[in-house]
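Enquirer: Need a 3D model of the sequence below.
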Amino acid sequence: TDDENASGRVIEITLFDILKGDPSQHQYKLYFQLHKIDGEIATTIFKRFEYSKEFLRSLVRRGSSKINFIIDIKTKDGYVFRVKVLALTHRPLNTSRQHALRIIARDVINKTVPEMTIDQFVQATCYSKINSDIMAAFKRVIKVRHVGLEKVKLIRTADKETKLLEA
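Expert: Predicted structure coming up:
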């Protein structure tokens, strides 16, 4: 297609395709929107990061608790993201422990993400840096089987206008 029609399109790619060689990264999907195209070079905007549906289905087990938590967070350079945290335990948890884990996840995200630029945040998301920080904080309360950012979605860009991007 010509460059005018390609601008604005959203491209889906796995983290494995970007890293070229780590087969454990097939379960992470990244979405980029084409912004500008100059010949063979395309400028993209990070739109979304999420687990693949197959990977999510393989994580869920009977007799354990699934804890979800959603938060909107702003990076240092003004981008606003909606982050969905997923935690899975070995055994069922009561609601007070689930609430405590959600508070811990909120505190870790509120402490780390506002100090990052968008580039640092995307790298921390893709390389599971935020996941390991949350997991280390969870270990003080209870041992969990899996902690991860199930979905990270760009809500607002750093532009002065508060334009909501559709994903």
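
Enquirer: Run through who's touching the top strand by length along the chain.
Expert: The single longest strand within the chain, with elements called by DSSP state E, is strand 144-156. Identification of contacts with strand 144-156 by Cβ atoms under 8 Å, 6 or more residues apart in numbering yields 45-51, 56, 59, 61, 64, 68, 72, 79-90, 101, 125, 128, 130-131, 134-135, 138, 162-165, 167. Any C-beta I mention is one placed from the backbone N, CA and C, and that applies to glycine too.

Enquirer: Take these and keep only those in helices.
Expert: Among the contacts of strand 144-156, the members falling in helices are Leu56, Leu59, Leu101, Thr125, Ile130, Asn131, Ile134, Met135, Phe138 (criterion: DSSP state H).

Enquirer: My guess is the fifth one contacts Lys111. True?
Expert: No: the pair Ile130 / Lys111 is not scored as a contact, 10.6 Å apart, by Cβ atoms under 8 Å.

Enquirer: ok, back up a step: got the CA coordinates for the longest strand of the chain in CSV?
Expert: The C-alpha trace of strand 144-156 is given here as CSV (Å, rounded to 0.1, in the frame of the first residue of the first chain):
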residue,chain,number,x,y,z
VAL,A,144,2.2,-16.4,44.6
ARG,A,145,2.6,-18.6,41.6
HIS,A,146,2.6,-15.9,38.9
VAL,A,147,2.5,-12.1,38.8
GLY,A,148,2.4,-10.2,35.5
LEU,A,149,1.1,-7.2,33.7
GLU,A,150,-1.7,-8.9,31.7
LYS,A,151,-2.4,-5.8,29.6
VAL,A,152,-0.8,-2.4,29.3
LYS,A,153,-2.7,0.1,27.1
LEU,A,154,-1.9,3.6,26.0
ILE,A,155,-4.8,5.9,27.0
ARG,A,156,-3.4,9.3,26.4
